[in-house]
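Participant: for reference, the sequence and a predicted model appear below.
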Amino acid sequence: MIKILVADDHAIVRKGLRQILTETPDIVVSDECSNGKELMDKIASDTFSVVLLDISMPGKSGLDVLKDLHDEKPNLPVLMLSMHTEGQYVKRAMKAGAAGYVSKNSAPDELVTAIRKVYWGGRYVSAQYDDNNAPADEPCHTSLSDRELQIFCLISAGKSIKLIAEDLSLSVKTVSTYRKRILKKMTMVNNLDIIRYALNVGLVC
C-alpha cells in the first residue's frame, strides 16, 4: 500500500485528493497537513511512501519546504502539485529534490500514474510543462531567488505588501526589501511593471 501525506493549505483541495485516491486499491491518504511546520513534524513521527506537496504554501514556500524535506528524508519521494504553468517552476522544483511535478488541473488518472511512478523510483513531469523547445535565452525572472519569485507572483496577483507579509509570516520591512531587489533585478519601476510582465509570461498566481 502506498501511504500518502498530503500537504496543501486549502482544505477543499485536500478533501478532493482524498476522494480521488480512495478509488485506487493500492494508494491511501494516510495523513494531511496545511503548512511546512506540520509537514516536518509529521514526517518525523510517521512513515510515508510519497508526499504530495503544494508549491504555494503559507509561511515557507513549497520549494523551501521541499529543500528541508529532502535534507531530512532524502529517499522520500515528493510529488509537487501546482497551478503554475510556467516551466521555470518545474526546473526549480526538480533541482530542489522533487521526484515529480503535476498540475492541479491534471486528470485524476494522471495523478495516480505520477504517484505510482515516483513511488517506484521514477520521475514524472506533466506533459504541459515540457519546455524542451523553449528559446535558449531564459526570461529575466529566472534571476530571482525562490523567495523573490514567490513575492513577485503575489505582487502580480494584486496583493499588498502588508497582506504578503501576513501570508508569508514576514515583516512588512522584509517584504519591502524583497520588492526593491525584485524591481532592481528586473529593471522595473513599480508594481504595474511587475503585473504586466507576469501577465505576458504567464506567471500570475
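Facilitator: Yep, it's here.
Participant: which of the helices and strands in this protein ranks last by mean pLDDT?
Facilitator: helix 87-95 (a mean of 81; mean pLDDT, DSSP states H and E).
Participant: next SSE after it?
Facilitator: Moving toward the C-terminus from helix 87-95, the next helix or strand (DSSP states H and E) is strand 100-103.
Participant: tally of neighbours for the nearest residue to Ser176 once chain neighbours are set aside?
Facilitator: Counting by C-beta to C-beta, 6 or more residues apart in numbering, Ile161 is the residue found nearest to Ser176 once chain neighbours are left out, at 5.7 Å. In short, each C-beta sits where N, CA and C put it, glycine included. Number of residues near Ile161 (other C-beta atoms under 10 Å) recorded here: 19.
Participant: rewinding a little: got the buried residues for the least confident helix or strand of the chain?
Facilitator: For helix 87-95, burial by neighbour count (16 or more other C-beta atoms under 10 Å) applies to Gly87, Gln88, Tyr89, Val90, Arg92, Ala93, Met94.
Participant: in a markdown table: those, plus distance to Trp120.
Facilitator: Formatted as a markdown table, these follow (distance: C-beta to C-beta, whole Å):
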| residue | distance to Trp120 |
| --- | --- |
| Gly87 | 25 |
| Gln88 | 28 |
| Tyr89 | 24 |
| Val90 | 21 |
| Arg92 | 24 |
| Ala93 | 20 |
| Met94 | 18 |
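Participant: about what we covered before: which residues touch the residue nearest to Ser176?
Facilitator: Listed by C-beta atoms under 8 Å, 6 or more residues apart in numbering, the contact set of Ile161 reads Val172, Val175, Ser176, Arg179.
Participant: which parts of this protein are strands?
Facilitator: Using DSSP state E, the strands of the chain run over residues 2-7, 27-33, 50-54, 78-82, 100-103, 124-125.
Participant: just want the most central residue of the protein.
Facilitator: With distances taken as C-alpha atoms, centre = their mean, the residue of the chain nearest its centroid is Ile55 (1.2 Å).
Participant: model confidence for that residue, exactly?
Facilitator: Among the per-residue scores, Ile55 shows a pLDDT of 87.
Participant: with Asp137 instead?
Facilitator: For Asp137, the predicted pLDDT is 45.
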